[in-house]
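K.L.:
Sharing a model that was predicted from the sequence below.
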There are 2 protein chains.
Amino acid sequence: MFEAAELGSSIAKGEYKKTEPVLRQELLQIQQELREFAGFPVIIVFAGVDGGGKGQTVNLLNEWMDPRWLVTRAYKSPTDEERERPEYWRFWRDLPPKGRIGLFLSSWYSQPVLDHVYGKLELTQFVDALDRIIAFENAQTEDGAVLLKFWMHLSKDAQQRRLENLEKDPLTSWRVKDRDWQHWEMYDRFIETAERTIMRTSTGRAPWTIVEGEDFNYRSLKVGIVIRDALRKRLDDARRERKVSAKTGSGGMRAQAAKANGKLKDTKQPVLAGASGPTILGTLDMSKKLDKAVYQKQLKEQQARLSRLCRDALKKEVTTILVFEGPDAAGKGGCIRRITAQLDARNYQVLPFAAPSDEEREHHYLWRFWRHLSRAGRLTIYDRSWYGRVLVERVEGFADENTWRRAYAEINDFEEQLIEHGIVLMKYWIHITKDEQLARFKAREKIPYKRWKLTEEDWRNREKWDEYERAAHDMVQHTSTLNAPWLLIEGNDKRYARIRVINTLADRLENRLAGD
Amino acid sequence: MFEAAELGSSIAKGEYKKTEPVLRQELLQIQQELREFAGFPVIIVFAGVDGGGKGQTVNLLNEWMDPRWLVTRAYKSPTDEERERPEYWRFWRDLPPKGRIGLFLSSWYSQPVLDHVYGKLELTQFVDALDRIIAFENAQTEDGAVLLKFWMHLSKDAQQRRLENLEKDPLTSWRVKDRDWQHWEMYDRFIETAERTIMRTSTGRAPWTIVEGEDFNYRSLKVGIVIRDALRKRLDDARRERKVSAKTGSGGMRAQAAKANGKLKDTKQPVLAGASGPTILGTLDMSKKLDKAVYQKQLKEQQARLSRLCRDALKKEVTTILVFEGPDAAGKGGCIRRITAQLDARNYQVLPFAAPSDEEREHHYLWRFWRHLSRAGRLTIYDRSWYGRVLVERVEGFADENTWRRAYAEINDFEEQLIEHGIVLMKYWIHITKDEQLARFKAREKIPYKRWKLTEEDWRNREKWDEYERAAHDMVQHTSTLNAPWLLIEGNDKRYARIRVINTLADRLENRLAGD
């Protein structure tokens, strides 16, 4: 795999001096267009052999381009705030917004590759880690990000020469650490791991470019040109798409492009029309009820139990995340208040999710959920959640079919990471029947202090009841997994629903704290 | 001071049961109005004697109100990410946005009070810490926040009873820590410190309410009612102001109110007209120049020196913050690129500041600068900064006079915190003459790849040259302090300016690393 990068490629000083200013100018120009267009973020990853010029290239790009619109990130051992969240939290929080370029050193590749080289990560685990990377990168590219990856290569001899040269110069000797020589000793294992990494993670939308790293001039121009060409092409394509889209006056840029390519049928209507038949929500026994006296007794008991368990969870740093979804007026808020009633407000947080802020809109839609992940041991309740994409965004047409369909996999991957990190994740769908919703809407209209809860939107959503039910059905089908099952709660009787929710949560926590 | 809170105030169960549902309803209603109106945030601080019911009251408020629009925060020992920033970073990042309520336990009062009680903080330092608090709270209230503070009091006997009672009940015994009894032993010192704290920090806009904490019913209703009344009044006032403002169709809500009260003259024109006379910028010798050969030699040397110093700073965890301000086309970007050219991109960041995001707009204007403070040892360059408020926002009338005037003190306080934390802060005003600006604008128009740098806005700003110069003059006068002086750089000759900037930065860093 690396033979082609051991040819001794080099570029003479004269040629470099001729090409560099032009390239630089083009990169600045592209950066400017990127900002103005602001249609997508750019993620550039640098990895490879020590001494292969990763850091130098990143510095050079910062020099060539306008550093105000670049974000450069390198990762060392995680801070304690990072350790208390899933591994990828720190990568997510550093992702550049649309219109900007992020340069990543010792990125998400670093830990798995090194751990495998050092024998700390078995092959199967290593392959799992690569799959996690693929899922992460797919999520970005599917969302429109340009993702480029450079592998800076040196032959074993070249690496030795490079390290020795760096050591000789007092201006650069600080760059060579003991660890670098240690890695040099392990060169062959490193290359073997690298090969597997590149083979497995080089995808159409996130390709690796292997760059021979020995000659400064060669590697610098090579990287610069690949970046220039990729961004130039993408900008031109995107602009063309936007124009088409503006002309036909419908659909997002990507949907439009997909349609133009004939890959995607004209969405929504056919899909929803074709999807009749019973839904999983139709199987619920909506007549379930709880007597008031029983309710009051159980509520008190279960709240006390939950309070004990949550204190215990804090001590043991077991983090809990609850997701609440369901039709309007299903009683989500009431359930949530019954959960928190006896808890210590220092240790829980209820996060309502409606429209994203403009900063959030500049990122992948999962970004805002990643950024709110709490520190260890806390309980966070999401009142509506990342499932918005496959529910309201799907039904209302805010997300095109391709977008909401791929969200299932992205969500599953996200939740898998939560669970792997040891987080207890519970997903509640509080259900009510269409008649019950109508009754509650009408009741709200009558009570002055509840009237604000009822908006025009609620009535509009109600008209699409069947579509929402179909979306919920598909959501459960695609995202109810062994480790993160959906709990469908019969909610026509509020008392029954509340007790069910608190009971199941307490049971799950109890099991978890007892060591599952 | 606390006599009135040792009267054994209590409320009978019957009365509590009658009042509570009404109060609860009112609080919910207020919360709803607050969200809809979204004109200001609410900050509520709970402090006082251990066992005085701080935590319970916060929990109760979470139960009474809708926890989705509450933020509850309590602080323990700082995380490493927090330790690497000034103390108040963690408070700033938790401040609620407009329309929401933040409940703060063991807040900014906790550490100074405890440290003083334990004798770790001398009286003068303690008083300084209280002044810091006043400045912090002033910044919030001046910005429109409602700030309420509750001191939950217990007599020494009552505290003993309370702790004993808590210990007896298996459901609450976990609440009593050894530390609580230890504090009880130090009751008198604690009360003395509390008294001083309350006296000094009870201001008109951020008053303390002392609440007798022994009786649950009494203290709960008392706190609830104070909150209800304060918010009700503020909402009514704010609504009235907004109406007046909408009618006259001019000025912000607060400016309008101030005008209505006759406290503020009709702004801008008179102020600017009255402020002629020479400015400090007029004293600069704008003919200063540097020969090209000297420049190239010095640039190389100084960049290498800066590179060494920055590596050293990273090792020693000395954080550096640079601020760049100056007229359009003054060459700020060029200076910044010369600084970063030889630095490791992993360890610096250039942050350009233009219009705030909608999330940022929901907070105090310093919030977005606080949130970007880097971790220890890094260099952060602000291309335009928190000085926007007293420059562009003042001149363009985005901030009323009262607002930009108070910004001087807020900025000084902010910078003082940076410096106390050990951060090296350098503030550069790169200056050019009006003629030189015109020459540069015209040159930009001619060069295709520089044309994007020139906007309509630049020409508009140019028309207000004198007003900007006056604003800069006032800024230097108010914010050039011993520890954070403004460096006024003569920028008509780009070479001269760049060398001056790098030299002064390197000198400052060198001194700092040598231990000042």
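P.N.:
That came through, no problem.
K.L.:
Check the offset of stretch A:28-35 from the chain's centre.
P.N.:
Relative to its chain's centre, stretch A:28-35 lies at 26 Å (C-alpha atoms, centre = their mean, to the nearest Å).
K.L.:
Does chain B have contacts with that stretch?
P.N.:
Yes: against chain B, stretch A:28-35 shows contacts by C-beta under 8 Å from any C-beta of the partner chain at A:28-29, A:32. (Each C-beta comes from the backbone N, C-alpha and C, glycine too.)
K.L.:
got those as CSV, with pLDDT, secondary structure and neighbour count columns?
P.N.:
Below are these laid out as CSV (pLDDT from 0 to 100; DSSP: H, G, I helix; E, B strand; the rest coil; neighbours: other C-beta atoms under 10 Å in any protein chain shown):
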residue, pLDDT, secondary structure, neighbour count
A:L28, 93, helix, 16
A:Q29, 93, helix, 15
A:Q32, 92, helix, 16
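K.L.:
Would you mind putting those residues into a markdown table with distance to B:D143 alongside?
P.N.:
Shown next, in a markdown table, are the residues of stretch A:28-35 next to chain B (distance: C-beta to C-beta, whole Å):
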| residue | distance to B:D143 |
| --- | --- |
| A:L28 | 39 |
| A:Q29 | 41 |
| A:Q32 | 35 |
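K.L.:
got the end-to-end distance for stretch A:350-366?
P.N.:
End-to-end distance of stretch A:350-366: 18 Å, with C-alpha to C-alpha, to the nearest Å as the criterion.
K.L.:
model confidence over it, on average?
P.N.:
In this model, stretch A:350-366 has a mean pLDDT of 89.
K.L.:
Determine whether any part of it lies close to chain B.
P.N.:
Yes: Stretch A:350-366 comes into contact with chain B (C-beta under 8 Å from any C-beta), by way of A:350-352, A:357-359.
K.L.:
Give me the nearest residue to A:Q437, chain neighbours excluded.
P.N.:
Sequence neighbours aside, A:A329 is the residue nearest to A:Q437 in space, at 5.4 Å (criterion: C-beta to C-beta, 6 or more residues apart in numbering or on different chains).
K.L.:
how near is the one you found to chain B?
P.N.:
15 Å (C-beta to the nearest C-beta, to the nearest Å).
K.L.:
Now do the strands in the stretch 351-500 of chain A.
P.N.:
For the stretch 351-500 of chain A, applying DSSP state E, counting those that start in this stretch gives strands covering A:379-383, A:424-431, A:486-490.
K.L.:
just the stretch 51-200 of chain A next, same as before
P.N.:
Going by DSSP E, counting those that start in this stretch, the stretch 51-200 of chain A shows strands at A:70-74, A:101-105, A:146-153.
K.L.:
Can you add distance to chain B and give these back as JSON lines?
P.N.:
Listed next are the strands of the stretch 51-200 of chain A as JSON lines, based on distance: least, C-beta to the nearest C-beta, whole Å:
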{"stretch": "strand A:70-74", "distance to chain B": "4"}
{"stretch": "strand A:101-105", "distance to chain B": "6"}
{"stretch": "strand A:146-153", "distance to chain B": "15"}
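K.L.:
ok, now how distant is the residue nearest to A:Q437 from A:T197?
P.N.:
51 Å (C-beta to C-beta, to the nearest Å).
K.L.:
top helix in chain A by residue count?
P.N.:
Looking across chain A with DSSP state H, the single longest helix is helix A:216-248.
K.L.:
For chain B, what is the nearest residue in the stretch 351-500 of chain A?
P.N.:
Using C-beta to the nearest C-beta, the closest approach of the stretch 351-500 of chain A to chain B is made by A:P352 at 4.1 Å.
K.L.:
ok, now which ones touch that residue?
P.N.:
A:383-384, B:68-69 (C-beta atoms under 8 Å, 6 or more residues apart in numbering or on different chains).
K.L.:
Tell me the pLDDT of A:L154.
P.N.:
For A:L154, pLDDT reads 92.
K.L.:
Run a quick neighbour tally on it.
P.N.:
Neighbour count of A:L154, defined by other C-beta atoms under 10 Å in any protein chain shown: 26.
K.L.:
before we move on, what about A:V117?
P.N.:
Using other C-beta under 10 Å, A:V117 is surrounded by 20 other residues.
K.L.:
swap in A:K243?
P.N.:
12.
K.L.:
Also A:E185?
P.N.:
Count around A:E185 with other C-beta under 10 Å applied: 9.
K.L.:
Tell me which residues touch it, please.
P.N.:
A:E185 makes contact with no residue, according to C-beta under 8 Å, 6+ apart.
K.L.:
how far away is it from A:W174?
P.N.:
The gap separating A:E185 from A:W174 is 21 Å, by C-beta to C-beta.
K.L.:
what's the answer for A:N503, then?
P.N.:
To A:W174, A:N503 is 60 Å away according to C-beta to C-beta.
K.L.:
again, but for A:G52
P.N.:
Distance, A:G52 to A:W174, by C-beta to C-beta: 18 Å.
K.L.:
Who has more neighbours out of those two?
P.N.:
The neighbour comparison of A:G52 against A:W174 (other C-beta under 10 Å) goes to A:G52, with 25 against 13.
K.L.:
so the more buried one touches A:L154, yeah?
P.N.:
Yes: contact criterion C-beta atoms under 8 Å: A:G52 and A:L154 qualify, at 5.0 Å.
K.L.:
Now for these two: what residues contact both?
P.N.:
By C-beta under 8 Å, 6+ apart, the residues touching both A:G52 and A:L154 are A:162, A:213.
K.L.:
Could you list the low-pLDDT ranges of chain A?
P.N.:
Along chain A, the model assigns pLDDT under 70 to residues A:247-276, A:449, A:516.
K.L.:
For the residue most central in space within it, give me the backbone phi and psi.
P.N.:
Central residue of chain A (C-alpha atoms, centre = their mean): A:L366, 4.8 Å from the mean position. Torsion angles at A:L366 (phi, psi; degrees, to the nearest 10) stand at phi -80, psi -10.
K.L.:
who touches it in this structure?
P.N.:
A:92, A:139, A:386, A:410-411, A:414.
K.L.:
try 6 Å
P.N.:
Listed by C-beta atoms under 6 Å, 6 or more residues apart in numbering or on different chains, the contact partners of A:L366 are A:F414.
K.L.:
follow-up on the earlier one: the longest helix of chain A packs against which elements?
P.N.:
Helix A:216-248 is packed against helix A:13-37, strand A:146-153, strand A:208-212, helix A:253-260, with contacts defined by 3 or more C-beta pairs under 6 Å, 6 or more residues apart in numbering or on different chains; DSSP states H and E.
K.L.:
tell me which parts of the stretch 1-150 of chain A are close to chain B?
P.N.:
Contact residues (C-beta under 6 Å from any C-beta of the partner chain) of the stretch 1-150 of chain A with chain B: A:29, A:32, A:58-59, A:62-63, A:67-68, A:72, A:74, A:79-81.
K.L.:
Widest-spaced pair of the residues you listed?
P.N.:
Pairwise distances across those peak at 42.7 Å for A:Q29 and A:D80 (criterion: C-beta to C-beta).
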